[in-house]
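S.K.: Need coordinates for the following:
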Amino acid sequence: MSAAFAIDLTDAETFPSRRTEAWKYSDLKRWLREAPEPSGTAEVGPPGPFYDLGGEAIVFANGRAVGVTDFIASGEQTLRLRYISDAVGTGHTAGARVSARAGAKLLLLETHEGAGSAYVAHNTLELDVAAGAEVTRVVLVEEPEDAISIAEAHVKVEAGGVYRQTIITTGAKLQRIETRITHFAQGAHVQADGLYLLNGSRHTDLTSVVRHVEHDGATSQLIKGVARDTARGVFQGKIVVERGADGTDARMGHHALIASERAEIDAKPELIIYADDVQCAHGNTVGTLDESALFYMQQRGIPADEARALLTQAFLIEVIDRIEHEGAREVAREWLTARL
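M.R.: Okay, the predicted model is just below:
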């Protein structure tokens with residue numbers, strides 16, 4: 001995974017194919033050969049799933065900003081960032097910029113809300129976490145099965161900052177959610193979690209690159225996923241420890257369940273270490289539901305489908321439980337449970 005691929009929905013020449021190493025599991029060129037027609041206007045509609053947690057809002061509807069597109073947090077604040085798509089066969093792009101000043105504590109609640117069909121969405125976020133600031137980002141993504149979507153977040157965490165993210169998605173025709181974090185360490189901590197629950201022929205690609213460029217930083221990453229039917233889940237995680245980033249503590253884990261014979265999981269965890277005196281580890285497992293547990297539950301009168309849903313929830317819920325903010329954690333738990 002080299003530098004981020006600069007995608008421009010108005011120029012098909014910028015669409016990566018599987019020949020691009022970082023996109024080999026998510027061949028955008030295969031599904032999108034020509035630049036889509038621009039999307040028209042869209043209604044914002046009912047409030048998003050995080051509405052009851054209050055705070056300020058940045059809203060895009062088919063790429064058009066409804067109000068401001070930049071936000072600077074100071075003190076303790078909540079921001080709801082909503083990317084709304086309601087289009088048929090067209091494409092749109094939206095970009096937001098969020099900064100947390102030194103000492104700020106920001107809860108960033110992001111939703112990608114899709115309606116219509118066969119649209120193409122490209123959403124970006126530039127996020128700066130200042131020295132001593134703390135940002136918790138929780139992302140819920142729900143889009144039509146025939147949509148194509150790319151979401152990119154470019155995050156900079158200054159010395160002593162804290163950044164936590166949890167991405168929860170149900171996939172699309174081709175969906176890629178990419179996070180690139182520059183980690184200035186010196187006591188800074190990053191938690192980069194996610195989960196995917198895929199049915200039908202849905203595809204999601206959770207790609208992340210965390211670069212430790214200074215000493216004494218920590219990164220913890222837990223990704224879990226379930227693929228059913230003919231769905232395909234992709235995890236590409238890379239942690240780079242640059243020269244001079246001694247004292248880095250970086251741990252990455254990806255664990256997935258394949259719930260049918262035709263589903264597919266592709267995982268590519270990577271650690272690239274140029275420094276000494278570091279503690280780094282990664283793990284990856286792909287398996288199936290525990291048949292003995294399923295049998296045990298059915299023997300006690302629980303229908304097979306319900307038993308599978310309960311076991312799947314028990315597997316995935318560890319990611320939800322790592323969300324520190326109680327209100328956001330409960331919304332995410334209810335959102336996930338409703339989709340099991």
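S.K.: which residues touch the one helix or strand in the chain whose mean pLDDT sits lowest?
M.R.: Within the chain, judged by mean pLDDT, DSSP states H and E, the helix or strand with the poorest mean is helix 291-299; its value is a mean of 90. Counting by Cβ atoms under 8 Å, 6 or more residues apart in numbering, helix 291-299 makes contact with 304, 307, 308, 310, 311, all of which sit outside it. All C-beta spots, glycine's among them, are computed from the backbone N, C-alpha and C.
S.K.: Just want the most central residue of the chain.
M.R.: Nearest to the centroid of the C-alpha atoms of the chain, with distances taken as Cα atoms, centre = their mean, sits residue 167, at 3.7 Å.
S.K.: Name the helix or strand for it, please.
M.R.: If you go by DSSP states H and E, residue 167 is part of strand 162-169.
S.K.: Would you map the strands across the stretch 151-300 of the chain?
M.R.: Under the criterion DSSP state E, counting those that start in this stretch, the stretch 151-300 of the chain carries strands at the ranges 162-169, 174-183, 189-198, 203-212, 218-227, 232-241, 249-258, 264-273, 279-287.
S.K.: circling back to that earlier point, can you get me a residue count around the residue nearest to the residue nearest to the centre of the chain when sequence neighbours are not counted?
M.R.: Take residue 167 and drop its neighbours on the chain: the residue closest to it by Cβ to Cβ, 6 or more residues apart in numbering is residue 194, 3.8 Å away. Neighbourhood size, residue 194 [other Cβ atoms under 10 Å]: 25.
S.K.: Touching, residue 194 and residue 320? I think so.
M.R.: No: using Cβ atoms under 8 Å, residue 194 is not in contact with residue 320, being 10.9 Å away.
S.K.: which residues do these two both contact?
M.R.: With Cβ under 8 Å, 6+ apart as the test, residue 194 and residue 320 both reach 166, 168.
S.K.: Which residues are in contact with the closest residue to residue 142 other than its chain neighbours?
M.R.: Beyond its immediate neighbours in the sequence, the residue positioned closest to residue 142 (Cβ to Cβ, 6+ apart) is residue 170, lying 5.5 Å away. With contacts taken as Cβ under 8 Å, 6+ apart, residue 170 has the following neighbours: 141, 142, 143, 196, 197, 198, 199, 202, 204, 339.
S.K.: For residue 49, see how far away the fifth one is.
M.R.: To tie it back to what came earlier, the one meant is residue 197. In this structure, residue 197 lies at 15 Å from residue 49, with Cβ to Cβ, to the nearest Å as the measure.
S.K.: Same check on the fourth one?
M.R.: Distance of residue 196 to residue 49, given as Cβ to Cβ: 17 Å.
S.K.: for residue 255, same thing?
M.R.: 26 Å.
S.K.: Next: residue 105.
M.R.: When distances are taken as Cβ to Cβ, residue 105 and residue 49 turn out to be 22 Å apart.
S.K.: Looking at those two now, which is surrounded by more residues?
M.R.: Neighbours per residue (other Cβ under 10 Å) separate residue 105 from residue 49, with residue 49 holding more: 19 against 16.
S.K.: What's the separation between that one and residue 204?
M.R.: When Cβ to Cβ is applied, the distance between residue 49 and residue 204 equals 18 Å.
S.K.: try residue 81
M.R.: Taking Cβ to Cβ as the criterion, residue 81 is separated from residue 204 by 19 Å.
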